[in-house]
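Q: Coordinates for the following, if possible.
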Amino acid sequence: MENPSLVIRGRSIGDKELEEIRALVQEYWQKGRAEISRQICHLWEWKQPNGWLKDRACRDMLLMLEQRGLISLPKRKNPGPQGKKNVQPQGFLIDTSVCKGSITDYSSLTFSMVRKSSKEKLWDHLVHTHHYLGKPFIVGSYLKYIAYLDGQIVACIGWGSAAWKVNDRDQFIGWDQETRKRNLHLIADNVRFLILPWVQVPHLASKILAANAKLLKRDWLDFYNVPLALLETFVDTSRFYGTCYKAANWTHVGSTSGSAKRGASYHYHGLSKAVFVYPLDKKFRERLHG
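A: Coordinates of the predicted model:
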């Protein structure tokens, strides 16, 4: 009798899938986890809309299966980011002189999209150093931007795949479970937003959010071949009021339940966050129901 399937990272994992995974783990054991993950993606044709393998999602799935005792993986070839020193990448000079005054005192606000560029390490360094949550480990699609005010670095902003299930967000959209599953990829989550500590320019944060949303819509389509319809973010109201999101015309739609998804189940951590969303066009609900 076949064991009930698990659902991890949107994939149903039953006896057949476990046999395939175990066979590939054995075949590519010496080449390591990354190669095992790539081979599984090839076998299952597990790809993003732009044709890239869903390698990060697959590695996340493998770790969850190992935690459940269903498979054994070879030791990591690289220790990962834990325990590594947060060293500023070479080749970049960061101007930390105080940036203040009115937004109208500056002539240009520009962005550098740093995903898969040498500047991505600079983004990681700045966020790890100055954001209270540190650098995120993002599973799934993501883009990162560095913002410049008259050429000086002033902010880092990062976007990733949407949260799987958020009741207040889903009610705002009018989603049922199947529609959410089908169209969740049309939402991007603002996973990090950092105004650097030497920046003291009122209203800059909301201006960055508004300007970056326009770039993100274009870049996400170019990068992932996905036309985003909505943006979301989650604000820890014990620390922040969400003022810059409100000023940038984001809508507060409710709060999270205080639970987080781990594998196929949810675990209560008690930290409820405010949910904000930002439609990228007037017909966003129609597109999210398509």
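
Q: Please report the number of neighbouring residues for Val25.
A: 20 (other Cβ atoms under 10 Å). (Each C-beta comes from the backbone N, C-alpha and C, glycine too.)

Q: for Gly91, same thing?
A: 9.

Q: Could you pull out the strands in the protein for me?
A: For the chain, the strands defined by DSSP state E occupy 6-8, 11-13, 99-100, 109-113, 142-149, 152-161, 187-195, 199-200, 230-235, 251-255, 259-262, 265-268, 274-279.

Q: Output the ones you listed in CSV, with mean neighbour count appended to each entry.
A: Converted to CSV, these look like this (neighbours: other Cβ atoms under 10 Å):
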stretch, mean neighbour count
strand 6-8, 16
strand 11-13, 16
strand 99-100, 16
strand 109-113, 16
strand 142-149, 22
strand 152-161, 22
strand 187-195, 22
strand 199-200, 15
strand 230-235, 22
strand 251-255, 15
strand 259-262, 12
strand 265-268, 10
strand 274-279, 20
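
Q: ok, of these, where does mean pLDDT dip lowest?
A: For the strands of the chain, mean pLDDT drops lowest on strand 265-268, to a mean of 49.

Q: circling back: and of the strands of the chain, who's closest to Trp29?
A: strand 11-13 (19.8 Å; Cβ to Cβ).

Q: Strand partners (parallel or antiparallel) of that closest one?
A: With DSSP bridges as the test, strand 11-13 is paired with strand 6-8 (antiparallel).

Q: quick one on the thing from earlier: which among the strands of the chain is found nearest to His289?
A: Across the strands of the chain, closest to His289 is strand 230-235 (Cβ to Cβ), at 11.8 Å.

Q: helices or strands up against the closest one?
A: strand 187-195, strand 274-279 (3 or more Cβ pairs under 8 Å, 6 or more residues apart in numbering; DSSP states H and E).

Q: Let's have those in CSV, adding distance to Thr243.
A: Below are the helices and strands packed on strand 230-235 laid out as CSV (distance: least, Cβ to Cβ, whole Å):
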stretch, distance to Thr243
strand 187-195, 12
strand 274-279, 11
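
Q: Among those strands, which comes closest to Glu35?
A: strand 187-195 (27.8 Å).

Q: Take the closest one, keep the C-alpha atoms, and write them as CSV.
A: Only the C-alpha atoms of strand 187-195 are listed here, as CSV (Å, rounded to 0.1, in the frame of the first residue of the first chain):
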residue,chain,number,x,y,z
ILE,A,187,2.7,38.2,-6.3
ALA,A,188,6.1,39.3,-5.0
ASP,A,189,7.0,39.7,-1.4
ASN,A,190,9.1,42.7,-0.1
VAL,A,191,11.4,40.5,2.0
ARG,A,192,13.9,43.3,3.0
PHE,A,193,13.8,47.1,3.0
LEU,A,194,16.7,48.9,4.5
ILE,A,195,17.4,52.6,4.7
